[in-house]
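Trainee: Build the 3D model from these lines:
(2 chains)
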Number of protein chains: 2
Amino acid sequence: MLDMFNAKSVAVIGASETKGKIGYDLMTSLLNNYKGKIIPINPKGGKVLGIPAFSSIKEYGHVDLAVIVIPASLVPLTVEECGETGIKNIVVISAGFKEVDKEGFKLEKKLVEICKNYDIELVGPNCLGIMDTYNDMNASFASDIAHKGKIAFMSQSGAIMAAILDYADKKNIGFSRIISLGNKAGINENDCIEDFMEDENTEVITGYLEGIVDGQGFIEASRKASQKKPILLIKSGTTAKGSEAVSSHTGTIAGSDSAYDAAFSQSGIIRVTSLDEMMDYSSAFALSPLPMGNRIAIITNAGGPAIMTTDAAIKAGLELSKLTCDTQEKLKAGLPSTANVKNPVDVLGDASPDRFRFALEIVLKDPNVDGVIYLVTPQSVTDPEGTANVAIELAKKSEKPVLCSFFGGTRFEGAERLLAGKRVPNYLYPKRAVKSMKRLYDYSIIKNQEYPKHPKFDVDKDAVRNIINDAKKKGVNTFGLESFDILKAYGIPTVGTALTTTVEETVKAAEEIGYPLVMKIVSPQISHKSDVGGIKLYLNNAEEIRTAYEDMMENIPKKEPEAQLEGVQLQQMLSGDKEVIIGMIQDPTFGPMLMFGLGGIYVEIVKDVKFAIVPVSEIEANNMITGIKTHKLLEGTRGDKASDIDSISDIILRISQLVTDFPEINEFEINPLMVFEEGKGALAVDMRLILKED
Amino acid sequence: MLDMFNAKSVAVIGASETKGKIGYDLMTSLLNNYKGKIIPINPKGGKVLGIPAFSSIKEYGHVDLAVIVIPASLVPLTVEECGETGIKNIVVISAGFKEVDKEGFKLEKKLVEICKNYDIELVGPNCLGIMDTYNDMNASFASDIAHKGKIAFMSQSGAIMAAILDYADKKNIGFSRIISLGNKAGINENDCIEDFMEDENTEVITGYLEGIVDGQGFIEASRKASQKKPILLIKSGTTAKGSEAVSSHTGTIAGSDSAYDAAFSQSGIIRVTSLDEMMDYSSAFALSPLPMGNRIAIITNAGGPAIMTTDAAIKAGLELSKLTCDTQEKLKAGLPSTANVKNPVDVLGDASPDRFRFALEIVLKDPNVDGVIYLVTPQSVTDPEGTANVAIELAKKSEKPVLCSFFGGTRFEGAERLLAGKRVPNYLYPKRAVKSMKRLYDYSIIKNQEYPKHPKFDVDKDAVRNIINDAKKKGVNTFGLESFDILKAYGIPTVGTALTTTVEETVKAAEEIGYPLVMKIVSPQISHKSDVGGIKLYLNNAEEIRTAYEDMMENIPKKEPEAQLEGVQLQQMLSGDKEVIIGMIQDPTFGPMLMFGLGGIYVEIVKDVKFAIVPVSEIEANNMITGIKTHKLLEGTRGDKASDIDSISDIILRISQLVTDFPEINEFEINPLMVFEEGKGALAVDMRLILKED
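Mentor: Numbers count the residues shown, from 1 in each chain, chains lettered A, B, ... in the order given. This is a model prediction of the structure:
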């Protein structure tokens, strides 16, 4: 919990009487509503806006919160003073820190150190301030305090905070707490999520973020919070390309945004991509109960809009309730004969408020209805306010969500004001009511989602440690199938393979692996092995192995006299089964991220892959597998048998453990992993592992 | 052109003095604005709202337009009278026709006949009426006439028309003509599109449709109109499943909406899925010039919103302009040092209107900028009205589109009113400005799109006619590869195949087709041929053919003594090339529709297919091929050579001709079509053709 929101005394360091100065705005912001003590600090002393000012914070002494609006260069000294005075909560409004130049970067570093020394919670620098409407505290230079409400909002952009406040004021959307994060030198999104989760006035957690400071901490905080309250977040900058050079398929396919998508979905966060969505959904969450399912009813006075709303509902993933016979009979008894008593329920263009009430009351009682869209158009006899009042009255006492769409303009201004005033969710366009309903439903599932611990396999970590250390000593940092021992140490089955240097050794290895086999020449100088006869397929017995080996050793030197022949690689020939790819790259925010997809063109062209942040649980591993569009291919369509999905899942989990145990692994890929039919396992056929550059 | 919109005299048949009656509403609607002659018709005579009424239309005589609001049962007689009086334009408001019951259906049929006899243009029945703002005529029972503007709107839903009018009133969106289509017994969407295209006051054609009366006529009218004016249409009911039973892949995959999507895109129509999109886009079209390209600049006083807007722009398919050095230098010279002079141009939170003007003027002159998003947030010093006035002044004289997003609430109410009053497009959320800009750009391409005639191949139509007739006689209506002659007659290459009944015949056929071959037993009783040894692969010479044939004839009867062996089917063995599928189904609205996709799982699981309404032109055939996501596979990735796309295109065009020539074909599919590398053609391997049931 962040104490600062409950501050009973606030010092404004840099308070000013001069209009247009932020120190003035801050004072008036506080004076307008705040019931605690306000202490202006100004070196000149005297009074600020009628309140006696102190020349320094030391002169006054302890306060619950200090808000600082003085030139950046003076901030560290002042914070030091605050620390000495025992102040534990500071908001630095001032700009001029790491967002401007190197000098500012150093200043900010200093600021952070001082705060650490004194155990100070720091907001900013370079921010708009904070608000707590239940403490009547507007410690920001946004002009007016927000309406009281249930939405908490954090923003990494001051402009977006200003715009949202202005929009919410017009629409009577209420907030509990608002915080402008600024440079996030101290308090970051994770602290806010924890605070909002615990704040009893908050029921919806929202935020605008441009980046995340601590990815794994963020996942942890969000998982906990999303089981108590819905989290709606915007993460902008989604189209920027990751800058790091990558060499694996995984790296090529993963956009900079894949990790955010994966992390948000693994943490129960509802990701929104625009502010209209955020305001729409958060209003629904703040004002409505959650539906028990995804079956909605539409009640309307208009056929055309009902069709569009039905389209939108189906597209969004909702279902249209099948109204019970009982409901239909009751509706029939009281509605005109031409009314539609099936869903969408059309009470006809000449419907009075009473007719709307009659229908809504009956439909809300139907056990097949999880929520209602109340869709009103301005027809000639429509009574907008009366019809709105019906929704207000019944929505307020209903245990099912009723989302309104008063779909009109001038004639609905009064009704809109009524609904906004009474805080019943209302959307101009029915599609937006539908999408909001869908999010309510989504959250009803997220809320009960469990996050089991990832499994811990019994593996031979030391073996891998030794392989990596040996390689490092040799200056090697890329590993291929010659390092299958890494996989074996982690219990990942690999295709039978051997690297041999004499004909006898080769025959012996072949007998051990079993036939049929493929033999490949091993030579650093030969990249196109088949061009020089360096690949032999379908070797079925010792004799064929012997002939193939001797043929290579005799004939390849004739074609490539310069090439050093180091030996041959034997490998089991497998065919006719599904190939999948499991990869890992390092995300700068969230750390290791796994990728799963079907092999070959599915990954390269269809880009049908799924990502997950490590460590993954069994459920998450399964979600990766079932999350790809081509998943049906693994389920066994077209007469094929189902593939061994359990083995894939097991291998994903083992890789998760491997890359967690060895953070020095920068990229990793099993490609392909050959998957056999159910119960018959899977084998890694090739791998690629790249260590981070030292 | 529909004369009714220019009517200089309007008779209201069913005019009433009783408030609450539609005949009263209609009279007041007309009286409020109309400058032509208004003639109330009421059997009681006397006066209606102060105007002398006539007891029947015959008593008065000819008018330019008669609007009828009397009980449905009386309508035909009245229309007959209108016809006798020489009236050519009638709007039937009255409901109670085919929308209610069989009786109504008959009444409507009668109505249509009478209109035909007298050459009357009929709107409705069961509609709200029509409007022409430039004729100051509101011949509808919607309360107020719309503002004058450039948008024409047709609606198949009265409620949506009412809602749009109310919304537009609030937002000061102007219309030229509005028509409520009702049951579309006479005038339908095609007539409206033609009329709107020719109407000089209309610059944007919009509409809400639930169905289309004449699909091919619609495509023709829309193609012509979309080259002159943008067409934005909603087609609702998109999620309803087609009811017709289908047996081909094509039929299984095609949703009822695929045909609308294909037809709209082939006709240059911008399909929109919600009314907010329609209003957003049509405002942009009505008020802005078209951009010359897709490179936009953003000018803003806020960093965070600029990032979100950039994300939205890239996602929408726009590009961010690279501002010239010259532009950047100029901006640098006049903006504060911390301003961003690269795109997005950030004039900073404390920007005055003058600073916005400075930046906007320079950026609009940059040759790399095709359009500007003017993005304003309400920061503490922002002057909303002043900043809006800058946009109004510069947008009005710019040849490039300037779309505003004043992103706030209460503080921006004045600015919003200013922009709406001066009709400069403004969107609350920047994303919507971006999407509107994208549509402007899309239309700049559509406008110049050409619709070449589909080619006409020299084919043997009679041969196909004979095959079909012969089959019909035998009661056969499904054709497989035994009917490859159908393809051959249309110049579509087929894999070598033969149906033979003796060993000698088989050997002869094999020599003609060429090796390797596959042989399959032909027997109506054997469905799993391979289980009885009824398939032999890789037959390489006459000897092998002979042995295979004799083996089948000798051994199959031992396993399946009941089976009648009719002979064997020989077929060329092909492998290693791309398989595609080309199919056709009949759409109830648009007629034959083709489908193209890659074979196998791409179609069945990935559902990566493209549809087009027949007849298709060469461009459209190519669009089908390049329109699938897996198109890259045909271009030759992963070391593969490119496939012979020209051959696929050619075959699509030939199928288009075939299914046009034979409308009795209900379903058709070549699956697979084997496609070889560039220049080497393609071969149909199997086909399925099903005739309509008689």
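Trainee: what about whatever residue of the stretch 301-450 of chain A ends up closest to chain B, which helix or strand?
Mentor: The nearest approach of the stretch 301-450 of chain A to chain B comes at A:Gly304, 2.3 Å away (CB to the nearest CB). Where C-beta positions appear, they are placed from N, C-alpha and C, glycine not excepted. Using DSSP states H and E, A:Gly304 maps to helix A:303-316.
Trainee: helices or strands up against that helix?
Mentor: Applying 3 or more CB pairs under 8 Å, 6 or more residues apart in numbering or on different chains; DSSP states H and E, we find helix A:303-316 packed against strand A:295-300, strand A:319-320, strand A:371-376, helix A:430-446, helix B:158-171.
Trainee: can you list the residues that contact it?
Mentor: Helix A:303-316 is contacted from outside by A:296, A:298, A:300, A:319-320, A:340, A:344, A:346, A:373, A:375, A:377, A:405, A:407, A:430-431, A:433-435, A:437-438, B:155-160, B:163, B:208, B:210, B:234, B:236-239, B:273-275, using CB atoms under 8 Å, 6 or more residues apart in numbering or on different chains.
Trainee: which of those residues are buried?
Mentor: The neighbour-count test (16 or more other CB atoms under 10 Å in any protein chain shown) applied to the contacts of helix A:303-316 identifies A:296, A:298, A:300, A:320, A:340, A:344, A:346, A:373, A:375, A:377, A:405, A:407, A:430-431, A:433-435, A:437-438, B:155-160, B:163, B:208, B:210, B:234, B:236-239, B:273-275 as buried.
Trainee: what's the closest non-adjacent residue to A:Glu361?
Mentor: Distance criterion CB to CB, 6 or more residues apart in numbering or on different chains; nearest residue to A:Glu361, sequence neighbours excluded, is A:Leu394 at 6.5 Å.
Trainee: can you pull the buried residues of the strand or helix carrying that neighbour?
Mentor: Here A:Leu394 sits within helix A:384-397, counting by DSSP H and E. Under the neighbour-count criterion of 16+ other CB under 10 Å, helix A:384-397 has A:384, A:387-395 buried.
Trainee: picking that back up, can you convert the helices and strands packed on helix A:303-316 into CSV and add a column each for mean pLDDT and distance to A:Lys365?
Mentor: Formatted as CSV, those follow (pLDDT from 0 to 100; distance: least, CB to CB, whole Å):
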stretch, mean pLDDT, distance to A:Lys365
strand A:295-300, 97, 11
strand A:319-320, 95, 17
strand A:371-376, 98, 11
helix A:430-446, 97, 18
helix B:158-171, 92, 26
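Trainee: export the ones you listed to JSON lines and tack on distance to A:Ile193?
Mentor: Shown next, in JSON lines, are these (distance: least, CB to CB, whole Å):
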{"stretch": "strand A:295-300", "distance to A:Ile193": "30"}
{"stretch": "strand A:319-320", "distance to A:Ile193": "32"}
{"stretch": "strand A:371-376", "distance to A:Ile193": "27"}
{"stretch": "helix A:430-446", "distance to A:Ile193": "14"}
{"stretch": "helix B:158-171", "distance to A:Ile193": "38"}
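Trainee: Relative to B:Glu512, which of the ones you listed is closest?
Mentor: strand A:319-320 (58.8 Å; CB to CB).
Trainee: picking up where we left off before, average pLDDT across the helix holding A:Gly304?
Mentor: The average pLDDT within helix A:303-316 is 91.
Trainee: Contact partners for the residue in the stretch 51-200 of chain A that chain B sits nearest to?
Mentor: Residue nearest to chain B within the stretch 51-200 of chain A (CB to the nearest CB): A:Ser157, separated by 2.3 Å. Applying CB under 8 Å, 6+ apart, one finds that A:Ser157 lies in contact with A:208, A:210, B:302-305, B:307.
Trainee: before we move on, what about A:Gly386?
Mentor: By CB under 8 Å, 6+ apart, the contact list for A:Gly386 reads A:352-353.
Trainee: Any part of stretch A:113-125 near chain B?
Mentor: No - judged by CB under 8 Å from any CB of the partner chain, stretch A:113-125 stays clear of chain B, getting no closer than 15.4 Å.
Trainee: meant to ask about stretch A:68-86
Mentor: No - counting by CB under 8 Å from any CB, chain B is not contacted by stretch A:68-86; separation bottoms out at 12.6 Å.
Trainee: on that earlier part again, compare the helices and strands packed on helix A:303-316 and give me the one nearest B:Ala642.
Mentor: helix A:430-446 (42.5 Å).
Trainee: how's chain A carved up into domains?
Mentor: The record's domain parsing of chain A by automatic domain parsing lists A:1-128, A:146-288, A:291-446, A:452-495+A:574-694, A:505-568.
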